[in-house]
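1. Structure, please.
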Amino acid sequence: MYEHALREGHVRSANQAPCLMDFGLLQPSVKDPNLLVPVAPAVALHRLLRNAEDRIAYERRREERLAEAFEPLMRLDGRYTAGTNTPIRVRSGTEQINWAITEAMDTARQEVLCIQPNAHYSNRRGEVAQTVAMARDQALLDRGCRIRTLYQHTTRHLPLILSRYERLRGDAQARSLDEVTDRLIAIDREVAFIPANKDGTLALEVRQPTLVEYLVTTFDRLWRLATPMYPRAVQLQSRNGITPRQHAIAALLIEGHTDAAIADRLGLNIRTARVHIAKLATTLGSESRAQLGYLIGRSGILEPDH
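-> Presented below is the predicted three-dimensional model:
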């Protein structure tokens, strides 16, 4: 567009390339504000180079100030400081956690394993996290690495999850289970990230080989039990009128769990969980919660061969 403006003397709109205005390559015409006229290349180049020099000078001054501030601190006894090779480190705050994960994934050579419970991405924060993860994952796949992710069955048909795999290019695989553990990211079987609190603002970066191997082994065993959802989806089948989700709910009901606990473990909201419980009761002909547990046991729906 800039080249066209130089050849023709003006363009009518820079809506498709607003950076041309930001870079100072185009400016409104004095004669007609609806037209944009080009700035001479030599002038534009000089301005851009000057801006770059200003940024370089700013970073150099910042570097000097940091060195000056840290110089007396580096003379202090460091006996109480955390070592750089600590096998377990606490990462605090979403930004620091994402930075640590990105740094580890940038050096990945083989495979990343992920467990994503309750991955609904229903709010703006979740959508932003999804966008960041997409760019990070695609860069890893472009290097020939593999990604395996475990979700809950409740997320199998979510548009954001499905579109994620449709857009990724490379060896990305996904499976699902009724229940999964809390969030896990394991990279090259060398480092793993797990939550350190309930709201996800604290995480542990684990580099202790035995612990990482334990987490990876747990993932592999869950993976073998899980149902494929990408790249080849296997449909969950109902049996004798009992859906897979109702089957999972039945197993938790006879263990005595509350509706809230069942919803939490299966990644459902409590209203949806109660709807499934009601349908299960109707299918089995139950008139009460106590009777429902009895009928589940008598029906044999939880037996392995059922």
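2. how about low-confidence regions in this protein?
-> Residue ranges of the chain with pLDDT under 70: 14-17, 82-85, 119-131, 240, 303-306.
3. Which residue ranges make up each domain of the chain?
-> 2-39, 43-73, 88-230, 244-299 (automatic domain parsing).
4. Present the ones you listed as a markdown table; the columns should include distance to Leu236 and mean neighbour count.
-> (Glycine included, C-beta is placed from N, CA and C.) Below are the domains of the chain laid out as a markdown table (distance: least, CB to CB, whole Å; neighbours: other CB atoms under 10 Å):
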| stretch | distance to Leu236 | mean neighbour count |
| --- | --- | --- |
| domain 2-39 | 46 | 14 |
| domain 43-73 | 55 | 11 |
| domain 88-230 | 6 | 16 |
| domain 244-299 | 4 | 16 |
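5. Out of those, which is closest to Ser238?
-> Closest approach to Ser238 among the domains of the chain is made by domain 244-299 (7.0 Å; CB to CB).
6. quick revisit: so which of the domains of the chain is nearest Thr81?
-> Relative to Thr81, the nearest member of those by CB to CB is domain 43-73, separated by 10.2 Å.
7. Any idea how far that closest one is from the middle of the chain?
-> 34 Å (CA atoms, centre = their mean, to the nearest Å).
8. end-to-end on stretch 102-112?
-> One end of stretch 102-112 sits 12 Å from the other (CA to CA, to the nearest Å).
9. Stretch 67-75 now?
-> One end of stretch 67-75 sits 13 Å from the other (CA to CA).
10. ok so, going back, okay if I get the domains of the chain as CSV plus distance to Tyr80?
-> Shown next, in CSV, are the domains of the chain (distance: least, CB to CB, whole Å):
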stretch, distance to Tyr80
domain 2-39, 47
domain 43-73, 13
domain 88-230, 15
domain 244-299, 40
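11. could you pull out the helices for the stretch 101-250 of the chain?
-> Shown for the stretch 101-250 of the chain, the helices assigned by DSSP state H, counting those that start in this stretch span residues 124-142, 159-167, 209-225, 244-253.
12. residue ranges of the strands in this protein, please?
-> In the chain, the segments counted as strands under DSSP state E are 26-28, 36-38, 88-92, 111-115, 146-152, 171-177, 184-187, 191-195, 202-206, 227-230.
13. counting contacts, what elements does the fifth one pack onto?
-> Judged by 3 or more CB pairs under 8 Å, 6 or more residues apart in numbering; DSSP states H and E, strand 146-152 is in contact with strand 111-115, helix 124-142, strand 171-177, helix 209-225.
14. Relative to Ala290, how far out is Arg274?
-> Distance, Arg274 to Ala290, by CB to CB, to the nearest Å: 16 Å.
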